[in-house]
Structure formats: structure tokens, C-alpha cells
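Peer 1: Pasting the sequence and the predicted coordinates here, then a few questions.
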Amino acid sequence: MSHGHHDHDHPHEPVTNAGEPPAAVRVRALEELLVEKGVLEREDIRRRIDWLVSRTPADGARLVARAWVDPAFKRRLLADAREAALEAGLNPGPSPVVVALENTEQVHHMVVCTLCSCYPKSLLGPPPDWYKSLPYRSRAVSDPRGVLDEFGVELGDDVEVRVVDSTADIRYLVVPRRPEGTAALGEEELAAIVTRDSMIGVAVPVAPA
Amino acid sequence: MSLPLGTTVRVSARQDERHHRTPGYLKGRRGRIERAHGRFRNPETRAYGGDGLPEQELYLVSFDLPGGDRVLADVFEHWLEAAE
């Protein structure tokens, strides 16, 4: 099928499957064109999707747990998270700069991308749907405490909330606070309590019961 | 040119119908340079098949919210203006 030469002055069959969102239709049309023009092969797209969905928050959780038990590693993680991920044998992804932000008693970070859905996919896997939703993207920067409250995170007035809007090439990973009552846990057990949402900054890890 | 940490800046309020990555809610707002990320290709030409060169300085800039909280966002230097 070629669309190279004709004017669009005649009706096309609708390209949509019933109920398919317009964005999905547009993406499939783009994929068709890119393949047709030889820019991409279907295999490239499939490999890329396979890689993306093979990533999970377990990678990010490993970095956080190691930072909790190893102060020197934590310093390296906060100084250059990309290098620290490589050191831990992880793939930090294509972003040239990955920044880890440490939550403390005084400061709570949460991450958003108001422009689209930039996210440290290599370390956390695909972003959750709510991260890409307009309500989260708009309210995170106007009413962060309201959003945190809905996620069940209550912060004192003495804690400064820093909402980090990843508007460009940098990817941000939150290093949540290590909960009380976890002194006896090893690195692997600690990694198990570091949730995806806590590394976005909309949840706090909880010690196992 | 690069801006020292702590510099007070204002995000340009200019409108631009073409692709750019300066969010509207920050346009015209005063902020402070928190971190210099280095130089990155310009998304405004990359979006149209260009090479994004010359690279532009990218900064993490902080903006005050009511109640002592803050928003921090990455803004390219060519969107930042001197603030009094």
C-alpha cells in the first residue's frame, strides 16, 4: 500500500478497530509509514518493546537497598546515578544523565513529567498509567500535598516537598527514606520493600509486619 | 556562558507555536539555578529532523510554591532571562 502520490481528496476506509483510542490508531499509522519508508523494521520495534517490558522496578529497588546499607555507595549514587547503576551491573538506559534524589527528614521529592511521560524506564520499567494521566501531571505541580494525601502520604509542615518536573533529557529516581524497624534486614529483604511508587515519590516504604 | 548556582532567573514568557520543552506554567516565573546538567542537544530543532546543534546548557531551576514547597524543572538556558 502506498500513499506516496495521491491527494487525499477521496474517502479512506476508517483505519480504526472498534473502541481503539485515536492515539493507538495514529501510532499504528506512523509505524506503517516508518516501516514502509525503510526507517525501521518491525523487528526493531518488537525488540524495543520486549526490552522495555522486561524492565521492572526491581532494578531501581536494588540501587536503593544498596544505598541504605552502604553509605559509600549512596554517595556515589547521589553523585552520579548512571555510573552507580553501571557499577551495580544494571543498564541505566539511554539518558546521558540519571539523577537520584534523596528523601530525608526535611525534604520529600516526587517526580512528574508535565509535558509527557518522561520516566526512568530502564530502572523502573514502564510508567504506571496514572503517571501519564493529565490529572497527575497537572496537579503534581500545583497541589503536590493534595496528590500525596490521595496516595496516602502524610507529611509534616516541617518537611519541604520538592516536585521535580522532568522536562528534558535528565531522568530522576527518588531514594526514599529507610523505614524504622528494618535494622535487621539484609540488602535483598530491603529491596523487597522498595516499591515503584516510593521511587517516584508518591509512597513511602513500609517495614515488613 | 554558564549560570552560577543560586542565580535568580526568569523563564521567558515568549510564546512559541513550534515544539519546545519549556512548560507553559513556568513561563514568566522567577526561579533559582539549583544544578547545571551540562550541554544537551536542542529539542527544538531535533523535533523537526535537525541535529539539535549547537548544544544548549540545561539547568535544574527551582520555583517557589505557596507554603515553602518547590517545583524544580529542567530548563534550557535560551529560555532563561536575567531577573532583577
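Peer 2: That came in fine, so what should we check first? Numbering: from 1, shown residues only, chains lettered A, B, ... in the order given.
Peer 1: what's next to stretch A:148-158, contact-wise?
Peer 2: By CB atoms under 8 Å, 6 or more residues apart in numbering or on different chains, the residues outside stretch A:148-158 that reach it are A:Gln106, A:His108, A:Met110, A:Arg145, A:Val161, A:Asp197, A:Val202, A:Ala203, A:Val204, B:Gly67. No exception for glycine: its C-beta is placed from N, CA and C like everyone else's.
Peer 1: Packing partners of the host helix or strand of A:Glu43?
Peer 2: Element membership for A:Glu43, per DSSP states H and E: helix A:42-54. If you count contacts as 3 or more CB pairs under 8 Å, 6 or more residues apart in numbering or on different chains; DSSP states H and E, helix A:42-54 packs onto helix A:22-36.
Peer 1: tell me the angle the helix it packs on makes with helix A:42-54.
Peer 2: Inter-element angle recorded for helix A:22-36 and helix A:42-54: 140 degrees (by axes from the mean of the first three to the mean of the last three CA atoms, to 10 degrees).
Peer 1: Remind me what helix A:22-36 packs against, helices and strands.
Peer 2: Here helix A:22-36 touches helix A:42-54, going by 3+ CB pairs under 8 Å, 6+ apart.
Peer 1: Could you work out the most separated pair of the contacts of stretch A:148-158?
Peer 2: Spanning the widest gap among the contacts of stretch A:148-158 are A:Asp197 and B:Gly67, at 23.1 Å by CB to CB.
Peer 1: Pick out whichever of the two has more residues nearby.
Peer 2: Counted by other CB atoms under 10 Å in any protein chain shown, A:Asp197 and B:Gly67 do not tie: A:Asp197 has more neighbours, with 22 against 10.
Peer 1: My read is that that one contacts A:Ala203, right?
Peer 2: Yes: assessed by CB atoms under 8 Å, A:Asp197 is found in contact with A:Ala203 at 3.6 Å.
Peer 1: so where do the helices sit in the chain?
Peer 2: Picked chain A for this. Ranges of helices in chain A, per DSSP state H, are A:22-36, A:42-54, A:57-69, A:71-79, A:81-87, A:121-124, A:129-132, A:134-142, A:144-150, A:187-193, A:196-200.
Peer 1: that's the other chain; I wanted chain B
Peer 2: B:43-46.
Peer 1: Centre-most residue in it?
Peer 2: Residue closest to the average C-alpha location in chain B (CA atoms, centre = their mean): B:Val75, at 2.0 Å.
Peer 1: ok now do it, which residues does it touch?
Peer 2: A:Thr167, A:Ala168, B:Val11, B:Thr22, B:Leu26, B:Gly31, B:Leu58, B:Tyr59, B:Val61.
Peer 1: And for A:Val161?
Peer 2: Here A:Val161 is in contact with A:His108, A:Met110, A:Pro144, A:Arg145, A:Leu148, A:Leu155, B:Leu65, B:Asp69, B:Arg70 (CB under 8 Å, 6+ apart).
Peer 1: Pick the one among those closest to B:Gly6.
Peer 2: Nearest to B:Gly6, judged by CB to CB, of these is B:Arg70 at 14.1 Å.
Peer 1: A:Gly186 versus the closest one, what's the distance?
Peer 2: According to CB to CB, to the nearest Å, B:Arg70 stands 36 Å off from A:Gly186.
Peer 1: what do you get for B:Ala83?
Peer 2: For B:Ala83 relative to A:Gly186 (CB to CB), the value is 50 Å.
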